[in-house]
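Asker: requesting a structural model of the entry that follows:
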Amino acid sequence: MPALALAAVLALTAAGCTVSSPDPTSSPPPAADAPSRPTEPDDAVLTTFSYGPRPAQTADLILPAELAEGAGELRTPSAGEPPELPVVDVVVLVHGGGWDADYDRSSETEVARDLTDDGIVVWNLDYRGVGAPDPRDEGGWPGTFEDAAAGLDLLPQALGEVGLAPGRVAVVGHSAGGTMALWLAARHTLPDGVPGADPLVRPDLVVTQAGVNDLKTAGAEGAVEGAVQALMGGSTSEVQDDRYDLASPTALLPLGVPTLVVTGDLDAVVVPSVATDFAEAAQAAGDDVTLAVIPGEDHLSPQNPRSDVWAAVRGWLAERGVEPATIGPSPAP
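Answerer: Numbers count the residues shown, from 1 in each chain. Sure, this is the predicted structure:
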């Protein structure tokens, strides 16, 4: 059984530690006139793909400029057999926001730019949330989960359309997106016929940043209790089926995917014990898991590419082999 790697060892006080910084939940959602997708990162090429008919059923493929130019050259028709598609590592970003329909993938703009600036391909995934004015845009169980699954499964096709093929795929989620990232990594464990089963893409790595890693516990008590119940259609005592067992990452352990569990010690929304409890459960189940509790960081720190939380994520991804993309000749057989 792999040992639990502790990237930061802290003496945490009782759950609900007091902080002097403003409550992160006071951060407002995007304004009504905010762009529906991230601003295109500097020197990168962004293409939006749809996996469904609704506006939120989309994802942005963001290519570093040099890679986009090289891939374009490879797509140019030529005599003879077409070249073998270059393989690139991809970081899939899954945004947070309490699964609320007011939030979208634009919250990942800055960290997406940080990745593409370093030559890493990004797939910035969106999904339908709860509380949408139009019922056709409403998420929850199972729609939000089906959206995330369909969005991830679209990745190979999207890469193929720009002349690329997926290498290592790392799914990185924040807050509610951390839940979805872990669930996406666990889809191969789901029984046939349930939402998300039979994945086309199985992540090689997964990162949960301040994630709601145990929906059963979070839906019963704590700061995100209401958000979890809105997502799942009620509490564990109110729903009459096994949806919590099919959706909660803790219930799906072991994931069988190397996992980074990272949080800030000042997080008052998803308290640090949520991260430590999940890491311990994953270790006990036999998973390869790294826990990082970062001093002085709060719930919104993962959205800041200059934060120590994000530095921990970037360092772990690099250690696990996620590399900048390059376009070059195919390796000799």
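
Asker: confirm for me that A181 is in contact with G211.
Answerer: Yes: using C-beta atoms under 8 Å, A181 is in contact with G211, at 7.0 Å. C-beta coordinates here come from the backbone N, C-alpha and C atoms, glycine included.

Asker: how close does P249 sit to E69?
Answerer: Distance, P249 to E69, by C-beta to C-beta, to the nearest Å: 39 Å.

Asker: more crowded one of these two?
Answerer: Higher neighbour count among P249 and E69: P249, with 27 against 12, using other C-beta atoms under 10 Å.

Asker: who touches that one in this structure?
Answerer: When contacts are counted by C-beta atoms under 8 Å, 6 or more residues apart in numbering, P249 touches 179, 182-183, 186, 208, 211, 213-215, 255, 278.

Asker: skipping adjacent residues, who's closest to it in space?
Answerer: Nearest non-adjacent residue to P249, counting by C-beta to C-beta, 6 or more residues apart in numbering: L182, 3.6 Å away.

Asker: neighbours around the one you found, how many?
Answerer: There are 31 residues near L182, going by other C-beta under 10 Å.

Asker: can you list contacts of the helix or strand containing it?
Answerer: Applying DSSP states H and E as the criterion places L182 in helix 176-186. Residues outside helix 176-186 that contact it (C-beta under 8 Å, 6+ apart): 92-99, 127, 144-145, 148-149, 152, 171-173, 196, 199, 202-203, 206-213, 215, 227, 231, 247, 249, 252-253, 255, 257, 259.

Asker: quick check: phi and psi at E108.
Answerer: phi -100, psi 10 (degrees, to the nearest 10).

Asker: and it, what's its pLDDT?
Answerer: On pLDDT, E108 comes in at 98.

Asker: doesn't P302 make contact with it?
Answerer: No: applying C-beta under 8 Å as the test, E108 and P302 come out as separate, 9.4 Å apart.

Asker: show me which of those two is the more surrounded one.
Answerer: P302 (33 against 27).

Asker: nearest spatial neighbour of the more buried one, skipping sequence neighbours?
Answerer: Q209 (3.9 Å).
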